[in-house]
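J.: need a 3D model of the following:
(one chain, ligands or ions: 2)
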Amino acid sequence: MVAVTAKGTKDGWPVAVSIDELAQLANTAGAEVVGKLTQRLPMPSATHYLGKGKLAELLALKDTTNYSVVIFDDELSPLQQRNLEEALQVKVIDRAALILDIFAKRARTREGQLQVELAQHQYLLPRLVGQWSHLERLGGGIGTRGPGESQLETDRRLIQRRINRLKAQIEEVRKHRMLYRQQRKRSGIPIVAIVGYTNAGKSTLLNALSRADVFVEDKLFATLDPTTRRLTLPDKSVVLVTDTVGFIRKLPPTIVTAFRATLEELEEASLLLHVADLASHNAPEQCQAVEDILVDLNLMDKPRITALNKIDLLLGSDKTWDEASAISYLSDQCDAADENMVLVSATKRWGLTKLLELINQVLIKTSQPV
Ligand SMILES: Nc1nc2c(ncn2[C@@H]2O[C@H](COP(=O)(O)OP(=O)(O)OP(=O)(O)O)[C@@H](O)[C@H]2O)c(=O)[nH]1
Ligand SMILES: [Mg+2]
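T.: Ligands and ions are numbered 1, 2, ... in the order given. Take a look at the predicted model:
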């Protein structure tokens, strides 16, 4: 795992935390992490991402750790990737490609699979040119006619055609969903959409609230496809609760656009339930990463409740947690509205009554005509 901390790109994430998360992603993708390397630079090198000395260090590590792939914490340009592969003579991938790989493994429904494939092709398209010239140079011209420009053109056209077809298929799915949503809207049942950082406990909370059997795992992106459950609130009114794809810092933009059909579910919600893992050592940063994505998705004006989850893990710590201390801990770095916060433990079923009451109150408040 390799990361550069560039000056001026500080988003509050210490490089050690960021690279740990990258390692967790790599584990989820099935890789075994044998080493981590970081470097402080004014900005990543345009040609090799790392500086010369660090690159030599990375190359030397190959002898001691025997790594067969190097994963970089930032999106690499096609040029950087090609140069690095040549210098290191192993496969080089970046954070975006790793996330795409995990998504590809995890997508279960047709909609999920279509969206992931679209994201993969869109990621690949601008990188094609680099890939071919790279192969050609490795193949070394004599007697072997490498895939030339015409091959490249053909491939590009094929991919573009595939992208167009995927978009059309996704559009079909979207229309279908839209109809379905309109039906739900007519039924007048409010929708509560669960959002949050990956692994925060969203699916566990939905299970705890509704006894639904949603796949839960201590891995990133366990859930990719939306699951919806009916729930009865304390005043006996009924809501639909939707659990969907988790967020992560530096979510590749191709994923966000490709998952528009899934993310549109959020637009229909009467209320967003933001689940945050309070026990994570970078809870405030994760909380802010979710806030940033909500801004990107234009969802900031939705009524929101923040459920601070996994408080059972904080019982033994030296600090005593209550809502006030949790709010001040988070709001230093995270813009989450500090009203409507509740401490919960999805696995221990703590705080669920209070959470349901809060959902009830907020829905009553927002459904009243102004
Ligand atoms: N100790 C503790 N662990 C929890 C709690 N809630 C969830 N977990 C664990 O956290 C891990 C992730 O839970 P999930 O419900 O899969 O998380 P998610 O937010 O749905 O994650 P993705 O679908 O991957 O984005 C699992 O191992 C859960 O058992 C909690 O309240 N306390
Ligand atoms: Mg989940």
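
J.: which residues touch P303?
T.: 270-272, 340, 362-363, 365-366 (CB atoms under 8 Å, 6 or more residues apart in numbering). All C-beta atoms are positioned from the backbone trio N, CA, C, and that covers glycine.

J.: anything in stretch 251-261 near ligand 1?
T.: No: against ligand 1, stretch 251-261 shows no contacts by CB under 6 Å from any ligand atom, the least distance being 11.5 Å.

J.: quick revisit: restricted to strands, list the contacts of P303.
T.: Under the assignment DSSP state E, those contribute 271-272 to strands.

J.: out of the contacts of P303, which are buried?
T.: With burial judged by 16 or more other CB atoms under 10 Å, the buried subset of the contacts of P303 is 270-272, 340, 362-363.

J.: follow-up on the earlier one: of the contacts of P303, closest to ligand 1?
T.: L272 (14.2 Å; CB to the nearest ligand atom).

J.: hang on, isn't A222 packed against A107?
T.: No: counting by CB atoms under 8 Å, A222 does not reach A107; the two are 12.0 Å apart.

J.: pull the distance from stretch 70-87 to the chain's centre.
T.: Remark: stretch 70-87 is offset 21 Å from the chain centroid, using CA atoms, centre = their mean, to the nearest Å.

J.: which parts of it are buried?
T.: Buried, per 16+ other CB under 10 Å, within stretch 70-87: 70-74, 76-77, 80-85, 87.

J.: got phi/psi on V241?
T.: phi -110, psi 130 (degrees, to the nearest 10).

J.: which of the buried residues of stretch 70-87 fall in strands?
T.: 70-72.

J.: reformat these as CSV; add distance to ligand 2.
T.: Formatted as CSV, those follow (distance: CB to the ion, whole Å):
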residue, distance to ligand 2
V70, 29
I71, 23
F72, 27
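
J.: of those, closest to T347?
T.: I71 (30.9 Å; CB to CB).

J.: who's the closest one bridged to?
T.: In this structure, I71 bridges to I93 when assessed by DSSP bridges.

J.: please tell me how far the nearest residue in space to T244 that is not next to it in sequence sits from ligand 1.
T.: In space, and not counting its chain neighbours, T244 is closest to P226: 4.4 Å by CB to CB, 6 or more residues apart in numbering. In this view, P226 and ligand 1 are 11 Å apart by CB to the nearest ligand atom, to the nearest Å.

J.: neighbours of P226, how many?
T.: Neighbour count of P226, defined by other CB atoms under 10 Å: 20.

J.: surely L330 is within a strand?
T.: No: applying DSSP: H, G, I helix; E, B strand; the rest coil, one finds L330 to be helix, outside a strand.

J.: now the helices for the stretch 201-350 of the chain?
T.: 202-210, 253-258, 260-267, 283-296, 323-331 (DSSP state H, counting those that start in this stretch).

J.: next one: the stretch 51-200 of the chain
T.: Under DSSP H, counting those that start in this stretch, the stretch 51-200 of the chain gives helices at 52-65, 78-88, 95-106, 110-124, 128-139, 149-187.

J.: please convert those helices to CSV, extending it with mean pLDDT and distance to A326.
T.: Formatted as CSV, the helices of the stretch 51-200 of the chain follow (pLDDT from 0 to 100; distance: least, CB to CB, whole Å):
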stretch, mean pLDDT, distance to A326
helix 52-65, 96, 39
helix 78-88, 92, 41
helix 95-106, 88, 29
helix 110-124, 88, 33
helix 128-139, 51, 47
helix 149-187, 84, 33
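
J.: compare the ones you listed and give me the one nearest ligand 1.
T.: Of the helices of the stretch 51-200 of the chain, the one closest to ligand 1 (CB to the nearest ligand atom) turns out to be helix 95-106, at 8.5 Å.

J.: list the contacts for R349?
T.: So R349 contacts A208 (CB under 8 Å, 6+ apart).

J.: correction: the previous question concerned R181.
T.: 265, 268 are the contacts of R181 under CB under 8 Å, 6+ apart.

J.: near ligand 1, which residues of the stretch 251-370 of the chain are found?
T.: 309-310, 312-313, 345-347.

J.: report the buried members of these.
T.: 309-310, 345-347.

J.: out of these, which sit inside strands?
T.: Using DSSP E, these in strands are N309.

J.: count the neighbours of the residue in the stretch 101-250 of the chain positioned nearest to ligand 1 for me.
T.: Going by CB to the nearest ligand atom, ligand 1 is nearest to G246 of the stretch 101-250 of the chain, at 2.5 Å. Using other CB under 10 Å, G246 has 23 other residues around it.

J.: now do the phi/psi pair for the nearest residue to it once chain neighbours are set aside.
T.: Leaving out its chain neighbours, the residue that sits closest to G246 by CB to CB, 6+ apart is T198, at 3.1 Å. The phi and psi torsions at T198 (degrees, to the nearest 10) take the values phi -60, psi 140.

J.: correct me, but T198 touches T244?
T.: No: counting by CB under 8 Å, T198 does not reach T244; the two are 11.1 Å apart.

J.: comparing the two, which shows the higher neighbour count?
T.: T198 (26 against 23).

J.: show the pLDDT at the residue nearest to G246.
T.: Listed pLDDT for T198 reads 93.

J.: same thing with the one 4 residues further on?
T.: At K202 the predicted local confidence, pLDDT, stands at 95.

J.: residues in contact with it?
T.: K202 neighbours (CB under 8 Å, 6+ apart): 194-196, 223, 243-244, 246, 275.
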